[in-house]
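From the sequence below, what's the structure:
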Amino acid sequence: MLFAVLAVFLLAFMFGCPTNPPVTPPVNVTPPVSNVTPPVTNVTPPENITPPVVNVTPPTPPEVNVTNVTPPVVNVTPPTPPTPPVPPATGDKITAAGLTYIDSPTAALNMYFIDVGTGDAILLKKGNFNMLIDAGNADNGEKVATFLRQVGVDDIQILVATDASPNNIGGMPAVIAAFPIEQYWDNGVVVSGVNVNENEMCGTKGCAQMSSSSSDVIVAYTALMNAIVAKGITPKHPVVRDTLAVDGMNVTILNPGENRLGSSPNSDSIAMKLENDGFCAILSGDIQETVESSITALGIPLKCQVLKVGSNGGGNSASFQFLDSIKPETAVISVGTTDPNLPSQTTLERLRLQNVQVYRTDINGTITMISSAGNYTVYTNK
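Model (predicted):
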């Protein structure tokens, strides 16, 4: 049945439908190639094409008025350079090595002739450099220490005992106990009757032996040596022509000589010339006329504005020869009121004849001299 139906449809299609020409399939048609190479994307741009210049003007910043604008202050503290080590002082040679002070060469020099009665106590103070020459008798030790504190002394770079006279060294133990002492000088004369370790006390130059000593000299010298040993200080013994340059000052030793006499405290007393910025002073210790003659024969220029008269103004001090060499304008005599023979009228007359202005601690009290740029001013407290 099915086949019959199909046959009818086939016949109807072949003979009953409109006739169309047969479609001839294409001959030799190459099928499309599937492996097509993709187009190259790296296209080289044309050469020598200058890009267009675009002139873009930046916007003008707003004007700021900075006339009164204070820049911020930046306090930058520079690093402190390391302090080079200071070599320690060695031997007998006087030197500034080992001294601690702030160098102030242009500072004024203050000289204080402290009223200690018949005796000596002189403070040289420049900036924070302090040099104390003698300290009066034992009763004045605390007075001297108090005065030093009042004028701002914290430590003493150089302490000088000009000789073993009790009215010069008696007050030193109290001063040594009160302040650090960096150097100690004396005249290198050992007082007979006092046991000292000469290896420690006398150094390379050795010590002279005082030929005779009174009981008060022995007591004062023993107390001083005990204080020095307790402080661990090695003494220095300057002699003639030794010099020290410190803080703009120059110190020249005038006495004792290389061969110390050892006959009395006065003969080997330390005398010195002090120079500072056009100012000059001769500090005579306790020397007398014989030693003054030796000093004038040294050939060292002695002309100075100020003379500290030796031996508390005794009759054998400030000879005409010595005064002619120094030509002082001003003289200072450290003396008390208990000895009617001091100062000697003979000495005062020599000073008067030389037109020297005289200041005395028994009349004027503590005497202060302030020097700067070659000029000096004298102040008294009486």
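
alpha carbons only for contacts and neighbour counts from here, please
Fine.

Quick check: the gap between Gln131 and Leu351.
For the record, residue 131 is Met, not Gln. Distance from Met131 to Leu351, counting by Cα to Cα, to the nearest Å: 28 Å.

cool, and Ser269?
Counting by Cα to Cα - Ser269 and Leu351 are separated by 22 Å.

More neighbours: which of the two?
Taking neighbours as other Cα atoms under 10 Å, Ser269 and Leu351 compare with Ser269 leading, 31 against 22.

my guess is the more buried one meets Ile253, correct?
No - under the criterion of Cα atoms under 8 Å, Ser269 is not in contact with Ile253, lying 10.7 Å apart.

tell me the SS of Glu182?
strand (DSSP: H, G, I helix; E, B strand; the rest coil).

Could I get the full set of helices for this protein?
2-16, 141-150, 166-169, 172-178, 198-201, 215-231, 289-296, 320-326, 345-353, 361-364 (DSSP state H).

Tabulate those helices (JSON lines), appending distance to Ala96 and mean pLDDT.
Formatted as JSON lines, the helices of the chain follow (distance: least, Cα to Cα, whole Å; pLDDT from 0 to 100):
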{"stretch": "helix 2-16", "distance to Ala96": "145", "mean pLDDT": "49"}
{"stretch": "helix 141-150", "distance to Ala96": "21", "mean pLDDT": "98"}
{"stretch": "helix 166-169", "distance to Ala96": "23", "mean pLDDT": "96"}
{"stretch": "helix 172-178", "distance to Ala96": "20", "mean pLDDT": "98"}
{"stretch": "helix 198-201", "distance to Ala96": "20", "mean pLDDT": "66"}
{"stretch": "helix 215-231", "distance to Ala96": "20", "mean pLDDT": "93"}
{"stretch": "helix 289-296", "distance to Ala96": "25", "mean pLDDT": "96"}
{"stretch": "helix 320-326", "distance to Ala96": "27", "mean pLDDT": "98"}
{"stretch": "helix 345-353", "distance to Ala96": "35", "mean pLDDT": "98"}
{"stretch": "helix 361-364", "distance to Ala96": "31", "mean pLDDT": "98"}
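
Turn the ones you listed into TSV, columns for distance to Val189.
Output for those, formatted as TSV (distance: least, Cα to Cα, whole Å):
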stretch	distance to Val189
helix 2-16	165
helix 141-150	22
helix 166-169	13
helix 172-178	17
helix 198-201	10
helix 215-231	11
helix 289-296	16
helix 320-326	25
helix 345-353	28
helix 361-364	28
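
so which of these gets nearest Val240?
helix 289-296 (9.0 Å; Cα to Cα).

For that closest one, what is the distance to the chain centroid?
Relative to the centre of its chain, helix 289-296 is centred 36 Å away, using Cα atoms, centre = their mean, to the nearest Å.

just stretch 269-276 next, same as before
Per Cα atoms, centre = their mean, the centroid offset for stretch 269-276 relative to its chain is 22 Å.

With stretch 361-374 instead?
Relative to its chain's centre, stretch 361-374 lies at 26 Å (Cα atoms, centre = their mean).

now Ile114: how far from Ile176?
17 Å.

same thing with Ile233?
10 Å.

who has more neighbours, these two?
Ile176 (21 against 16).

In this structure that one contacts Ala227, no?
Yes - the pair Ile176 and Ala227 qualifies as a contact (Cα under 8 Å) at a distance of 6.8 Å.

distance of the spatially most central residue of the chain from Leu274?
With distances taken as Cα atoms, centre = their mean, Ile102 lies nearest the centre of the chain, 2.2 Å away. Separation of Ile102 from Leu274 (Cα to Cα): 20 Å.

now swap in His237 and tell me
The gap separating His237 from Leu274 is 18 Å, by Cα to Cα.

Comparing those two, which shows the higher neighbour count?
His237 (26 against 19).

Check whether the more buried one really touches Val190, as I assumed.
No - His237 is beyond contact range of Val190, at 11.4 Å (criterion: Cα under 8 Å).

For the residue nearest to the centre of the chain, which non-adjacent residue is spatially closest?
Distances taken as Cα to Cα, 6 or more residues apart in numbering put Asn128 closest to Ile102, at 6.5 Å, once the chain neighbours are dropped.

Check Val358 too.
That would be Ala331: by Cα to Cα, 6+ apart, it lies 4.8 Å from Val358.

Is that neighbour in contact with Val309, as I believe?
Yes - assessed by Cα under 8 Å, Ala331 is found in contact with Val309 at 6.5 Å.

Between these two, which has more neighbouring residues?
Taking other Cα under 10 Å, Ala331 and Val309 do not tie; Val309 has more neighbours (25 against 19).

so Glu275 touches Leu302, yeah?
No - look at Glu275 against Leu302 with Cα under 8 Å: they stay out of range, at 10.6 Å.

Compare those two (neighbour count), which wins?
Counted by other Cα under 10 Å, Glu275 and Leu302 do not tie: Leu302 has more neighbours, with 21 against 18.

From Asn187, how far off is that one?
According to Cα to Cα, Leu302 stands 21 Å off from Asn187.

same check, this time on Thr290
17 Å.

Just want to know which of the two has more residues nearby.
Using other Cα under 10 Å, the more surrounded residue of Thr290 and Asn187 is Asn187, with 28 against 12.

so the more buried one touches Pro256, yeah?
Yes - contact criterion Cα under 8 Å: Asn187 and Pro256 qualify, at 6.8 Å.

Tell me who's in contact with Val239.
Contacts for Val239 (Cα atoms under 8 Å, 6 or more residues apart in numbering) come out as 187, 253-258.

Neighbours of Asp216, how many?
When neighbours are defined as other Cα under 10 Å, Asp216 has 14 of them.

do the same with Ala223
Neighbour tally, Ala223, other Cα under 10 Å: 18.

I'd like the distance between the residue nearest to Asp139 when sequence neighbours are not counted and Ile122.
The shortest distance from Asp139 to any non-neighbouring residue, by Cα to Cα, 6+ apart, is to Gly171 (6.7 Å). Distance, Gly171 to Ile122, by Cα to Cα: 12 Å.
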